[in-house]
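In: Dropping the sequence and predicted coords here.
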Amino acid sequence: MKLEAAIKKIRNRAKKVDREVVIEENDYHGNGQIKVYARFEGSNQTISFWTHSDGSISSPHTVTDGLESDPHTDYFPGSFWDNITQALNYIVPLPPKYAAGSLVRFKDNKRMQRHRLAGIVALVVEAASGGSYKLQWAGSEDRYSPFYSERDIELIS
């Protein structure tokens, strides 16, 4: 991914979650490789990544405030991600697509047919981050209630 696209993605996420974002670009080592830091309002974590001479980015990394690396013990706090979207989903997850109390229907796909849920109407009981929903429908058991992905359900009303 190119640097401009990554910064645009960070700014778009800030708009979607209605938070301010501060993006800092610096060449700390004087070698032309710019390191970018992004910090969202109200978050205690920072996203950072390196840029290369061709304009691409690599090594998206998230770290919590107050944690410092210790090269003597090979301790490097935080998490490295495969792409910038994974890092953004960790620090500032998108709001749920369906609110609690929404009426949804299980889609008619292979997974829902296998579980014999295709076409069943359900009520969203809990909307978790990351697009997971706890649903309740007629005949559902109370003791076992898994979360279902938003890609398996569609809004009715």
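Out: Sure, I can see it.
In: now the strands for this protein?
Out: Using DSSP state E, the strands found in the chain span residues 21-26, 35-40, 45-51, 57-64, 79-80, 103-106, 121-128, 132-136, 147-149, 153-155.
In: which stretch among those strands comes nearest Leu88?
Out: strand 45-51 (7.1 Å; C-beta to C-beta). No exception for glycine: its C-beta is placed from N, CA and C like everyone else's.
In: Which strands border the closest one, and is each parallel or antiparallel?
Out: Strand 45-51 sits in its sheet next to strand 35-40 (antiparallel), strand 57-64 (antiparallel), going by DSSP bridges.
In: Can you name the residues in contact with the first one?
Out: What it means is strand 35-40. Under the contact criterion C-beta atoms under 8 Å, 6 or more residues apart in numbering, strand 35-40 has outside partners 3, 6-7, 10, 14, 17, 19-28, 45-51, 57, 91-92.
In: Spatially nearest residue to the residue sitting nearest the centre point of the chain, not counting backbone neighbours?
Out: Computing the C-alpha centroid of the chain and ranking residues by C-alpha atoms, centre = their mean puts Asn89 first, at 1.3 Å. Nearest residue to Asn89, sequence neighbours excluded (C-beta to C-beta, 6 or more residues apart in numbering): Gly130, at 6.8 Å.
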